[in-house]
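> Please find the sequence and the predicted model below.
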Amino acid sequence: MPALLTGAAVLGLISGLCAGYLIQAGREPTKLPPLSQPRLEQAPGGAFAPLPAARDREARTDGDLRRLLLEKPDGARAAGSLAEEGWVSLSALAQVYDDPAIAYDWLLDEEFRRGTAVGWIEGGTRAVEIRLLQFRQEEMLGAKEHAEAGDLENYFADADVWTIPGTGDGKAYTHREPRSRDGVSVYRAEANAWRGDVFVGIRMYDTKPIPKKAIVDLAKRQMERL
């Protein structure tokens, strides 16, 4: 008797499946929804006009970087610098460090792109050099890290530190004690700052102490050019 009940149940299940299949086969096929989305209407108003070059910082720094350097002041005479025809090569830049080979590799790691510099002598004894170093900044903030390295170098120095207005974390230093340079005892002042992908480095040397105003004002004017 149980076997008969089981067989009847199986036959009933099969009959139900067949009946459902026949009913479904006789129906009109259901249309699929369209694959494409409805057309989106454009918002009213046109696209924003591109920034003029004077306000587009990237357009300015992608042009001739030499044009962003401060010009030699009236009455000053040109002095030697790292630059050749205004440009600073990677190898020339590495030579200013104590270990040029290590510096060369470090600058490559920092994604150095190009550099420019200008130098002059003013007031008879004060030598000035300004460097603009640009970095690719594809994997790291090379300009920022270069400025931080300069600050670290001055951290333990016998120097007064000043902020450069309008830069956020730009710093200037006036050293209290003279140092021998080319056989002459000179005082030193410097500034390190960055904006976007450009590092700004300024160095001053004089036979007498360099006041805060001289280095800070020069750094502020150079940053305004960027």
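Yep, that arrived.

> can you map out the strands along this structure?
77-78, 87-88, 112-122, 126-135, 159-163, 171-175, 179-181, 184-195, 198-206 (DSSP state E).

> Any regions of the chain where pLDDT drops low?
By pLDDT under 70, the low-scoring segments of the chain are 1-29, 34-40, 42-61.

> mind listing the helices for it?
2-25, 57-61, 90-94, 100-109, 142-155, 212-225 (DSSP state H).

> what sits against the residue most central in space within the chain?
Residue closest to the mean C-alpha point of the chain, counted by CA atoms, centre = their mean, is residue 197 at 3.1 Å. For residue 197, the contact set (CB atoms under 8 Å, 6 or more residues apart in numbering) comprises 61, 113, 134-137, 142-143. The C-beta positions use only the backbone N, C-alpha and C, and glycine is treated the same way.

> List phi and psi for it.
phi -100, psi 20 (degrees, to the nearest 10).

> How about it, nearest residue that isn't a chain neighbour?
Setting aside the residues directly before and after it, residue 197 is nearest to residue 137 in space (CB to CB, 6 or more residues apart in numbering), at 4.8 Å.

> list the contacts for that neighbour?
Applying CB under 8 Å, 6+ apart to residue 137 gives the contacts 111, 143, 197.

> one step back: reformat the strands of the chain into a markdown table and put mean neighbour count next to each item.
Output for the strands of the chain, formatted as a markdown table (neighbours: other CB atoms under 10 Å):
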| stretch | mean neighbour count |
| --- | --- |
| strand 77-78 | 10 |
| strand 87-88 | 18 |
| strand 112-122 | 19 |
| strand 126-135 | 22 |
| strand 159-163 | 15 |
| strand 171-175 | 22 |
| strand 179-181 | 11 |
| strand 184-195 | 21 |
| strand 198-206 | 22 |
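
> quick one on the thing from earlier: return the member of the contacts of residue 137 nearest to residue 212.
Of all the contacts of residue 137, the one with the least separation from residue 212 (CB to CB) is residue 143, at 24.3 Å.

> Many thanks, I have nothing further to ask.
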